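> Build me a structure from this.
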Amino acid sequence: MSYNTTPFHGKLCRVEKGDTKMEYGNGWRVDADLDMGDASRQGQHWKEALPGLAGWRGSFSGQFVAGNTQQKAFFDNLIAATPGTKLTDVKFLLDADTNALTGNIYLTSFSIDTGIAGVVGFTFNFQGDGALALTDAA
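Numbers count the residues shown, from 1 in each chain. Prediction:
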């Protein structure tokens, strides 16, 4: 496994579905957090906490191109007759070849943004299902 030894550049970060990089992407974001339970009790001067469950979620955006196969697959997943299908073949690439964040996701919402002065864009929001991993995407 080969992890980076210099900083990543955002122009190389892409979303990949089914081992094919999605075209016309503008960027993605992944947020991970850990639930913390308050374990404080009377007589203390400082709060205590207990770790709970970890989770992750995020979004990705791009220029809307309905004929792009990967974009269409994401839209179909959410607007199909039975939405809510878990996606197990999505990678959030940090560089062109090797480093990625991976895990199963559910698409939770999307928006299409229009304006007279620019390109029509889209944004998808998702919820991670299970663990998030930093992997070698090769």
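> residue boundaries of the helices in this protein?
Assigned helices in the chain, in chain order: 69-79 (criterion: DSSP state H).
> Now do the residue of it positioned farthest from its centre, the pLDDT please.
Outermost residue of the chain with respect to the C-alpha centroid, by C-alpha atoms, centre = their mean, is G43; its distance is 42.8 Å. pLDDT recorded at G43 is 96.
> now do T88
The model's pLDDT for T88 equals 95.
> Leaving aside the residues adjacent along the chain, what's closest to it?
Closest residue in space to T88, ignoring its immediate chain neighbours: N104 at 5.0 Å, by C-beta to C-beta, 6 or more residues apart in numbering. The C-beta positions use only the backbone N, C-alpha and C, and glycine is treated the same way.
> How much space separates the one you found from S61?
Distance of N104 to S61, given as C-beta to C-beta, to the nearest Å: 21 Å.
> What of V15?
Distance from V15 to S61, counting by C-beta to C-beta: 10 Å.
> Could you do R29 as well?
R29 is 9 Å from S61, by C-beta to C-beta.
> the more surrounded of those two?
S61 (20 against 12; other C-beta atoms under 10 Å).
> Common neighbours of V15 and S61, please.
Common contacts of V15 and S61 (C-beta atoms under 8 Å, 6 or more residues apart in numbering): 25, 28.
> Strands of the chain, residue ranges please.
14-17, 20-21, 25-38, 49-63, 90-93, 99-113, 121-136 (DSSP state E).
> any chance of these in JSON lines, plus distance to L78?
Formatted as JSON lines, the strands of the chain follow (distance: least, C-beta to C-beta, whole Å):
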{"stretch": "strand 14-17", "distance to L78": "13"}
{"stretch": "strand 20-21", "distance to L78": "19"}
{"stretch": "strand 25-38", "distance to L78": "16"}
{"stretch": "strand 49-63", "distance to L78": "13"}
{"stretch": "strand 90-93", "distance to L78": "13"}
{"stretch": "strand 99-113", "distance to L78": "5"}
{"stretch": "strand 121-136", "distance to L78": "8"}
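> Done for today, thanks.
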